[in-house]
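Novice: this one's structure only:
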């Protein structure tokens with residue numbers, strides 16, 4: 001395996017910013033998506049997305065997942081202008097979010113349930 005591939009598979013937190021846990025359901029939701037997209041063990045509220053190894057492609061992935069699975073609508077520009085979990089969550093709060101993070105989480109759960117039922121129905125036929 002090439003060195004660059006090995007490094008990308010074993011990313012670690014090598015940041016100057018000390019870890020600070022996400023604060024509240026919206027930050028937790030964003031941090032979880034970033035963690036999954038960037039394949040990290042944890043993401044803190046003050047970690048910069050691009051310092052964690054994020055790229056423009058991973059921003060698109062994160063925005064898509066936040067919308068599809070959690071019902072949270074962020075633009076790609078939002079992520080570039082607010083590159084930390086805390087800043088992105090604050091931009092949603094300041095922008096007058098249509099629903100609370102709990103409502104968004106419930107919508108995401110409902111969507112995932114519908115997808116599971118469709119898959120199950122397809123497998124049964």
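Specialist: Thanks, I have the structure now. Being a predicted model, the structure only gives us computed values, none of them experimental.

Novice: which residues are in contact with the residue nearest the centre of the chain?
Specialist: Centroid check for the chain by Cα atoms, centre = their mean gives residue 33 as the closest residue, at 2.5 Å. By Cβ atoms under 8 Å, 6 or more residues apart in numbering, the contact set of residue 33 is 62, 65, 66, 69, 70. In this view, the C-beta of every residue, glycine as well, is placed from N, C-alpha and C.

Novice: chain neighbours aside, what residue packs nearest to the last one?
Specialist: In space, and not counting its chain neighbours, residue 70 is closest to residue 108: 4.0 Å by Cβ to Cβ, 6 or more residues apart in numbering.

Novice: how many other residues sit next to the one you found?
Specialist: Using other Cβ atoms under 10 Å, residue 108 has 19 neighbouring residues.

Novice: that's a helix at it, yeah?
Specialist: Yes: assessed by DSSP: H, G, I helix; E, B strand; the rest coil, residue 108 belongs to a helix.

Novice: so what's it up against?
Specialist: Contacts of residue 108 (Cβ under 8 Å, 6+ apart): 69, 70, 71.

Novice: again, but for residue 58
Specialist: The neighbours of residue 58, taking Cβ under 8 Å, 6+ apart as the test, are 37, 38, 49.

Novice: try residue 27
Specialist: 45, 85, 86, 89.

Novice: tell me if I'm right that the first one and residue 90 touch.
Specialist: It refers to residue 45. No: Residue 45 lies out of contact with residue 90 (Cβ atoms under 8 Å); the separation is 10.1 Å.
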